[in-house]
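>>> Pasting the sequence and the predicted coordinates here, then a few questions.
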Amino acid sequence: MHCSDEELKLEPLYSYTINQTFDDVFVFEIPGYYPGEPSDAVLLYNGNEHAILVRNDQQKILCDKIHPQIRDALYAESKVIIKEKDTGKQYTADVVLRDIDEIALKAYEIHDYRFEYNPYPLTNGTFETGSEKCECCDKEVHIFFRGRKVLSGRDETILCPECILNGKHIGMGADLWPGLDDECMKAENAHLVLPFTPPFIHNGKPSGKWAVHCNKLALYLGNPEGTGDHLFRCCECGEHITLSMKDKTLKEDHKDDWKKR
């Protein structure tokens, strides 16, 4: 499938909610961390299954599978509220009526992968875009993970999201987490996370560290503006954790610090 740059830039939400306030204003509550500030945000919508949140000129986010019972009411709205619960940012987006079905459908097909513990792999740089051949399924792909040292004797290995998600890469002997520290390996959910989750990228290579909280590997949210800190959220208690790659330390509840950057 040929993919335009516009399609590749659409990053689907892993999960989100749409609620209405007492005065019937729609509120989109989106998880995750998106670097940079929202600017002149708009919600592109045509009354169907998908909407596109244009957060700023660089970030276009696909909101898929909008419930049929709210589509007509949302189509009639002029503004919605966006809440980014992991950083506390809140802003208004104008609803712009536009036919987006074709580009939304293609984007949904291209990005049809949902990594539970690394849900924003394009936003946070885990995946690259371009044209490569997956060394596991031998298909030409436009979104891929450039694994470093994941195969013995190989400096890098190209893997597609589908092969990582379904564990097909395991059959070729690929280890997504070479050099991961012992604390991460001993986490309660390590066997559920590590074989099927691509690590985040730090200084151009996959990280050998992941945040552990409540004795479980946490959900990775992102890296603000190229700093040495990475934000996670505990899947057990909901605590936000900042992992400093400089000194390999964890700090709890530093969400407010991220809002200021």
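On my side now, so go ahead. Residues are numbered from 1 along each chain as shown.
>>> List the contacts of residue 50.
Residue 50 makes contact with 62-66, 100-101, 104-105, 108 under the criterion CB atoms under 8 Å, 6 or more residues apart in numbering. C-beta here means a position set from N, CA and C on the backbone, and glycine is covered the same way.
>>> among those residues, which are in strands?
Using DSSP state E, 62-63 are the members of the contacts of residue 50 that sit in strands.
>>> how about the contacts of residue 50 in a markdown table, adding distance to residue 237?
A markdown table is the format used below for these (distance: CB to CB, whole Å):
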| residue | distance to residue 237 |
| --- | --- |
| 62 | 29 |
| 63 | 27 |
| 64 | 28 |
| 65 | 28 |
| 66 | 30 |
| 100 | 38 |
| 101 | 40 |
| 104 | 35 |
| 105 | 38 |
| 108 | 32 |
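>>> Neighbour-wise, which one of the contacts of residue 50 leads?
Neighbour tally across the contacts of residue 50 (other CB atoms under 10 Å): the maximum, 24 neighbours, falls on residue 104.
>>> pLDDT check: weakest of the contacts of residue 50?
On pLDDT alone, residue 108 ranks lowest of the contacts of residue 50, at 72.
>>> Now it: closest residue in space, sequence neighbours ignored.
Once flanking residues are discounted, residue 108 sits nearest to residue 64: 5.6 Å by CB to CB, 6 or more residues apart in numbering.
>>> what's that neighbour sitting at in phi/psi?
The phi/psi pair for residue 64 (degrees, to the nearest 10) reads phi -100, psi 160.
>>> For residue 15, see how far away it is.
Distance of residue 64 to residue 15, given as CB to CB, to the nearest Å: 10 Å.
>>> ditto for residue 155
According to CB to CB, residue 155 stands 36 Å off from residue 15.
>>> One more: residue 216?
Taken as CB to CB, the span from residue 216 to residue 15 is 18 Å.
>>> Which of those two has more residues huddled nearby?
Per other CB under 10 Å, whichever of residue 216 and residue 15 has more neighbours is residue 216, with 19 against 11.
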